[in-house]
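Undergrad: Quick check, what structure comes out for this input:
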Amino acid sequence: MDKLRNPWLNLVDEGYNCFGCAPNNPYGLKMEFYEDGDDIVCYWTPADNYQGWLKTLHGGIQATLMDEIAAWVVARKLQTSGMTTAMNTKYRHPIATGENERLEVRAHISEMKRNFAFIHASIIYNGQVCTEAELTFYCFSKEKAEQEFFFSNCTTE
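TA: Okay, here's the model as predicted:
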């Protein structure tokens, strides 16, 4: 697996502080991404400060993990940016929080229709798919992505 380079790291002075992927956001998730064939993958530790119920990962954080990885699928696989327009999430099993826990968040494009990418994302914990989402992502033109969202390209290290 190849690690993806964060194309926004050089924009810290301009205000880059994404809750999902900015490495310097003190409250953020600090997600990092890898390419595994058609999939983009993130390994993440659900600290206790992200719990909803006692020692259980908050559902909103789970949704954020899948929403963020979907954006990185578009960045890497389509070399543009865009926005989530719909997300259907199924919470199947609880996910524990704690410094010794490790999640695998995985996503890929399941279909393309014009400017829309349909993305399947899942969170795997202890070898079990605990949460799944189907996301619809509107993909910006490469010109709009560059001019308005400061996206040039997403490469691997």
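Undergrad: where along this protein do the strands fall?
TA: Assigned by DSSP state E, the strands in the chain fall at 2-3, 34-36, 39-44, 82-91, 103-113, 116-125, 128-139.
Undergrad: Now mean pLDDT, distance to Val12 and mean neighbour count too, for those strands, in a markdown table please.
TA: Placement of C-beta: from N, CA and C, glycine included. Formatted as a markdown table, those follow (pLDDT from 0 to 100; distance: least, C-beta to C-beta, whole Å; neighbours: other C-beta atoms under 10 Å):
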| stretch | mean pLDDT | distance to Val12 | mean neighbour count |
| --- | --- | --- | --- |
| strand 2-3 | 96 | 19 | 12 |
| strand 34-36 | 98 | 22 | 16 |
| strand 39-44 | 98 | 21 | 21 |
| strand 82-91 | 97 | 22 | 14 |
| strand 103-113 | 98 | 24 | 17 |
| strand 116-125 | 98 | 27 | 21 |
| strand 128-139 | 98 | 25 | 18 |
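Undergrad: Turn these into TSV, including distance to Tyr16.
TA: What follows is the strands of the chain, written out as TSV (distance: least, C-beta to C-beta, whole Å):
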stretch	distance to Tyr16
strand 2-3	19
strand 34-36	21
strand 39-44	18
strand 82-91	17
strand 103-113	21
strand 116-125	23
strand 128-139	20
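Undergrad: among those, which is nearest Leu65?
TA: strand 103-113 (5.0 Å; C-beta to C-beta).
Undergrad: partner strands of the closest one, parallel or antiparallel?
TA: In the sheet, strand 103-113 lines up against strand 39-44 (antiparallel), strand 116-125 (antiparallel) (DSSP bridges).
Undergrad: start to end distance for stretch 31-44?
TA: For stretch 31-44, the first-to-last residue distance is 7 Å (C-alpha to C-alpha, to the nearest Å).
Undergrad: From the chain's centroid, how far away is that stretch?
TA: 9 Å (C-alpha atoms, centre = their mean, to the nearest Å).
Undergrad: What are the contacting residues of that stretch?
TA: Residues outside stretch 31-44 that contact it (C-beta atoms under 8 Å, 6 or more residues apart in numbering) are 1-4, 6, 20-21, 29, 65, 68-69, 72-73, 76-77, 102-109, 156.
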